[in-house]
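K.L.:
from the sequence below, what's the structure:
(2 chains)
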Amino acid sequence: MAYKPQYYPGSTSVAKNRRKHMSDDVEKMRDISDEDLTALLGHRAPGSDYPSTHPPLAEMGEPDCPVREVVEPTPGAAAGDRIRYAQFSDSMYNAPSVPYWRSYHAAINFRGVDPGTLSGRQVNEMRERDLEEYTKRQAETEMTDWGLAGLRGCTVHGHSLRLQEDGVMFDMLDRRRLEGGVMVMDKDQVGVPIDRKVNLGKPMSESEAAKRTTFYRVDNCAFRSDKEVIEWTQRIWELRTKYGFQPKA
Amino acid sequence: MADPRFKKAMEIKYAKEWGSNKCGSTAKSKITDKKTKYLRLGYQQNPRKVEMAKCGAAITKKRGLQAYDPKLHLAGIPMGQRQLTPYVISGTDIVCDGDDLHFVNNAAMQQEWDDIRRTCVVGLDLAHETLEKRLGKEITPETINYYLEVLNHAMPGAAIVQEHMVETHPALVDDCYVKVFTGDETLQDEIDKQFVINIDNEFPANQAKQIKSAMGKTSWQAVHIPTIVTRTEDGPGTSRWMAMQVGMTFISAYHMCAGEAAVGELAFTAKHAGLVEMGDMIPARRARGPNEPGGLSFGHMADIVQTNRKSPEDPVNVVLQTASAATMLYDQIWLGGYMSGGVGFTMYATPAYTNDIVDDFLYWGNDYAAKKYGGNGKAKATLETVKDIATETTLYGLEAYEKYPTTLEDHFGGSQRATVISIAAGGATALATGHSQAGLSAWYLSMYLHKEAHGRLGFYGYDLQDQCGATNVFSIGSDEGCIGECRGANYPNYAMNVGHQGGYTSVVAAAHAGKDAFCVNPLVKTCFADDLVNFDFSDPRGAFGKAALREWDRCAGERAFVIPAK
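P.N.:
Numbers count the residues shown, from 1 in each chain, chains lettered A, B, ... in the order given. Prediction:
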C-alpha cells in the first residue's frame, strides 16, 4: 500500500528524522535472519508452523459484508494467526527512535497493528507473521541501534538510566550485550535463554546516534531550538482549549 | 548560576555509599555523568532488603509455608542489578530506603489517611434551634460546655444513657475527640478552651478574618472518631459512629425523652442536616461510600493540608507539601491499593516528596513568573500567560533531566517526570495568576510539550488523561467540566489518572497559597487546624520522613494494649 510522505514541523535534524521515520524512509543497516528474529521474539520455535486461532478466512465461509470486500486481510489475518507482540525500549541518550515515533511508524505504514506507547517501551501487537515482517523492518533499519535500544517484552527498565561504561543501555536481564565490537543477544524478549547467539551488528557511534536520533536533547539538538515544533504544539493546545470552552450565548 | 536544589540529594543518592552499594567508590561521582558502572550486586547491597529477607526466611520456617524471599524475583535474578539507592525526603536531611516509603511500612502515611477518613464536621446550630424551638430547652455556653464534656466521654464509644452496657477501653481510643469552632467571637470566648479550635489563635490574622467572614456566626463540631474504628469499619462508618454518639449525648446532656417523636427531628438536625464529610459518595461501580479517597475533592484535600496556615510566607512550600500529602493518598493508597487492587503505586508518588527535583522545578517556575509578572497573584489569567509560564517551566524541567542524568535515573519512569514537570508548570501558573483553571491549563500544555520533546510521556502515553484534558479545562457546565477546587478523584476524566490526582491538588492549592485562608471550604480547613490531630498536616514530608526512620510516634489505632506482649 502506498502512503504519502508524512508531515511534521521543524527544521532541525530531529524534526527531519521524525519525518523520515513517519514516512518509513529509513536506511537498512544490518541483516537479521528470519530464524534469528523468530528466536528473539520467542513466540514460536524457529521453523515451526504458525499456531492459529481460527481457520484461514477463505475456509471460514464468512457472511457477505461490504467492509470485508473492501478491506483485504493481511497475510496473518488471512491465515488465522495468533496476535502476538514485539516491544522495544529506546534509550533517552540519543537512541534513533522514541516510543511515539515507533507507534506512528507502525500505524502509518502497516496494517492490522495495535501500537501501545509508554515512556520506557513501545509495544506493537499484530498477527504473528505480520508482526515478524514488521519487527524485521524495525530491527534491521536505522530505527534501531541495538546498543541504545532493546527488544524487551518485560523488565524494560533502562530507557532513562545512565548508559553502561561501554555505551550500551542497561538491561536488568542482560539479554543483549557488546561482544567483540558487535551487539549479541542470547535471550528472547522476555529473558528466556535461546539456543543461539544472534549477531545484531555494530552499535552506532555516539556521533552517528546523535545524527540519527528523533530525541531532542539539550546537548545535541535542543527542543528549545526547534521553535516551529514548540509553536505548533502550543497551537494545538490553544485550539483544543478554545474548542472545549464553547461558552453558551 | 546557583546550584539546583536537587544537587545535594543527587550526590547523596548517586555519589555516596548506601549500605554496600559501592556508589561513590566504583561509580562515577559526578551527578552530570552520562555513564556509570552497573555492579549487579543484588539485594544484599541494601540493608533493608537484607533485613526483609531474613524476616521472610524466619516466617517461612515458623509457619512452614513460603514467605518473602527476594531470590524469587524474576526466576532468580533479584533486584539490585543496578545500585539500590536511597531517597532524601525533600526539604529535609532525612535519608531513607524506598521500602520505608511504602504505606504499609510507613506509619505516618497510614495515619494521614486514617485521620481524614475518621473525620467529619457537623453543625451545632440546627440542633440548637430544634432544642430551643421544638423541645423548649435553653441553650447557653454552660449547656454547650456540658454537652461537649459528655460528648468527649461518649464519642470514643462510652455509654451515657443506658445501664449494663459494654464500652470501649480508653487506652485503645485515646485519639478520638470532638472540638468546636465558630465565627462567633463571643461564643468562641465563652466555651471552655479545651473544646475550642480558636480561629484567632490558629490562623494568621488575615486568614482568621477570611475564615470568620466565610463562616459567619455559625458553629461547628470537628469530630474525629477512633482510628481503630475506622480501620475496622469504612469511611461511611465515620458519620454513623458520630451520629449515634451525638444523638445519645444530646439526649443525656439535655435530659430528653429517648422515645418522643420530636427527638426524631433533633436526630435529623443534629446528625445529618449539617453534616460535612471529607469525601462524597462515589458511583456504585467504584463501590465506595462517603469519606473514602475517591470522593475527596482536590479542594478539600488542599484544605486539609495546613502548611498555608503555619507558613504562608513560602507559598511554593505550601504547594509542595500539598503535592506530597495528596500524591501519597491518591496514588499510593487510593489508585494503587483500593482501585487497582495492587500493592501500592509508591513510585508514582515518591517524586512529589523525595530528592528535591520537583522543588527545584517549581521554585524556578515561581521565580520566573514572579520576576516577569510582579509577584504571585499579579499575572492576568490569560492563555498568553499560561503559554508563557508553562512553556518556560517545562523547558527548564526537561533540560534539567537532560543536563543531570542522575535526575533522569531517579525519575526512571516517564509518568514520574510528566507529573513532576506538570506540577511545576501548573503550580507556577496557578501561583502567578491565583487561578486554578489557568494552572490546570498550564498542566496540559506542559504535557503536550513534554510528549513532543521526549517522544514519550507516561503510562500508555498518558493519552487518555493528558491529550483530552485541555478541552475540559475552561468548561464548567454540568457534564462538561468543573472548577479545579471541586474536581476530585472521581471527576470523570480523572478517575483513573494514576500519578495525576495529587498533582491536580497541588495546582488547586497553588491558586490560593500564601494569600487565601482556604481553597474551597473554611470548615474543612478549620477542622484540621488543630495540633491534636495525630498526623502533622502542616508538614507531611517531615512526618513521612520520620516514619521512614521509624521515629514517628503519633500513630493511633494500635491493638498492642489488648494482645499478648511480644
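K.L.:
helix or strand with the lowest mean pLDDT in the chain?
P.N.:
Picked chain A for this. helix A:66-70 (a mean of 93; mean pLDDT, DSSP states H and E).
K.L.:
oops, I was thinking of chain B
P.N.:
Result, chain B / mean pLDDT, DSSP H and E: helix B:463-467, a mean of 83.
K.L.:
which strands and helices sit next to the following helix or strand past the least confident helix or strand of chain A?
P.N.:
Downstream of helix A:66-70, the first helix or strand assigned by DSSP states H and E is helix A:75-79. In terms of contacts (3 or more C-beta pairs under 8 Å, 6 or more residues apart in numbering or on different chains; DSSP states H and E), helix A:75-79 is packed against strand A:122-127, helix A:128-140. Glycine gets a C-beta too; all of them are placed from N, C-alpha and C.
K.L.:
which one of these lies closest to chain B?
P.N.:
strand A:122-127 (8.3 Å; C-beta to the nearest C-beta).
K.L.:
contact partners of that closest one?
P.N.:
Contact with strand A:122-127 is made by A:74-77, A:79, A:81-88, A:90, A:99-100, A:102-103, A:106, A:110, A:112-116, A:131, A:134-135, as judged by C-beta atoms under 8 Å, 6 or more residues apart in numbering or on different chains.
K.L.:
now do the same contact list for the residue nearest to B:Glu17 when sequence neighbours are not counted.
P.N.:
Excluding its sequence neighbours, the residue lying closest to B:Glu17 (C-beta to C-beta, 6 or more residues apart in numbering or on different chains) is B:Gly24, at 5.3 Å. The contact partners of B:Gly24, taken as C-beta under 8 Å, 6+ apart, are B:Ala15, B:Lys16, B:Glu17.
K.L.:
helix/strand/coil for the closest residue to chain A within the stretch 201-350 of chain B?
P.N.:
Minimum separation of the stretch 201-350 of chain B from chain A (C-beta to the nearest C-beta) falls at B:Met347, amounting to 11.7 Å. Following DSSP: H, G, I helix; E, B strand; the rest coil, the label given to B:Met347 is helix.
K.L.:
that one against B:His411, yeah?
P.N.:
No. With contact defined as C-beta atoms under 8 Å, B:Met347 does not count as touching B:His411 (9.4 Å).
K.L.:
so for those two, which residue has more residues nearby?
P.N.:
With neighbours defined as other C-beta atoms under 10 Å in any protein chain shown, B:Met347 and B:His411 compare such that B:His411 has more, 24 against 19.
K.L.:
ok, now how distant is that one from A:His159?
P.N.:
Note on B:His411: its distance to A:His159, by C-beta to C-beta, to the nearest Å, is 12 Å.
K.L.:
cool, and B:Tyr401?
P.N.:
12 Å.
K.L.:
which of the two has more neighbours?
P.N.:
A:His159 (30 against 26).
K.L.:
could I get the contacting residues of the more buried one?
P.N.:
Taking C-beta under 8 Å, 6+ apart as the test, what A:His159 contacts is A:Ser89, A:Asp90, A:Ser91, A:Met92, A:Ala95, A:Ser119, A:Gly120, A:Arg121, A:Met169, B:Arg456.
K.L.:
now the residue in chain A positioned nearest to chain B: which helix or strand?
P.N.:
For chain A and chain B, the shortest gap (C-beta to the nearest C-beta) falls at A:Ser119, measuring 2.1 Å. Assigned by DSSP H and E, A:Ser119 falls within no helix or strand.
K.L.:
what distance do you get for it to B:Pro4?
P.N.:
22 Å.
K.L.:
what does the pLDDT read for the residue minimising distance to the centre of chain A?
P.N.:
Note on chain A: the residue nearest the mean C-alpha position is A:Arg102, at 3.8 Å, using C-alpha atoms, centre = their mean. Listed pLDDT for A:Arg102 reads 97.
K.L.:
that one touches A:Arg137, doesn't it?
P.N.:
No. Under the criterion of C-beta under 8 Å, A:Arg102 is not in contact with A:Arg137, lying 10.9 Å apart.
K.L.:
what is in contact with the two at once?
P.N.:
Shared contacts of A:Arg102 and A:Arg137 (C-beta under 8 Å, 6+ apart): A:Met143.
K.L.:
if we can go back for a sec, so what's the residue nearest to the centre of chain A closest to, chain neighbours aside?
P.N.:
Nearest one to A:Arg102, counting by C-beta to C-beta, 6+ apart, is A:Gln122 at 4.2 Å.
K.L.:
CA atoms only for the helix or strand that contains B:Ile228, dumped as PDB, please.
P.N.:
Per DSSP H and E, B:Ile228 falls inside helix B:227-232. Extracted in PDB, the C-alpha atoms of helix B:227-232 (Å, rounded to 0.1, in the frame of the first residue of the first chain):
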ATOM      1  CA  THR B 227      -8.700   5.300  64.300                       C
ATOM      2  CA  ILE B 228      -9.200   1.700  65.400                       C
ATOM      3  CA  VAL B 229     -12.900   2.100  64.400                       C
ATOM      4  CA  THR B 230     -12.200   3.500  61.000                       C
ATOM      5  CA  ARG B 231      -9.700   0.700  60.400                       C
ATOM      6  CA  THR B 232     -12.300  -1.900  61.300                       C
END
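K.L.:
A:Val156 in helix, strand or coil?
P.N.:
Going by three-state DSSP: A:Val156 is coil.
K.L.:
list the residues that contact it.
P.N.:
A:Gln87, A:Ser89, A:Gly120, A:Arg121, A:Gly150.
K.L.:
ok, B:Ala513 to B:Gly377 distance?
P.N.:
10 Å.
K.L.:
next one: B:Ala511
P.N.:
Counting by C-beta to C-beta - B:Ala511 and B:Gly377 are separated by 9 Å.
K.L.:
for B:Pro4, same thing?
P.N.:
B:Pro4 is 26 Å from B:Gly377, by C-beta to C-beta.
K.L.:
when these two are compared, which one has more neighbours?
P.N.:
B:Pro4 (22 against 19).
K.L.:
name the nearest residue to the more buried one, ignoring sequence neighbours.
P.N.:
Per C-beta to C-beta, 6+ apart, closest to B:Pro4 is B:Asp360, 4.7 Å.
K.L.:
and A:Phe215, what does it touch?
P.N.:
A:Val14, A:Asp90, A:Met92, A:Asn94, A:Ala95, A:Val98, B:His454, B:Gly455.
K.L.:
and the first one, how many neighbours does it have?
P.N.:
By other C-beta under 10 Å, the residues close to A:Val14 number 28.
K.L.:
for B:Ile304, list the residues it contacts.
P.N.:
B:Ile116, B:Met278, B:Ala325, B:Val524, B:Lys525, B:Phe528, B:Phe537.
K.L.:
quick one: which of those has the most company?
P.N.:
Counting by other C-beta under 10 Å, top hit in those: B:Ala325 with 35 neighbours.
K.L.:
could I get the pLDDT score of that one?
P.N.:
Reported pLDDT for B:Ala325: 98.
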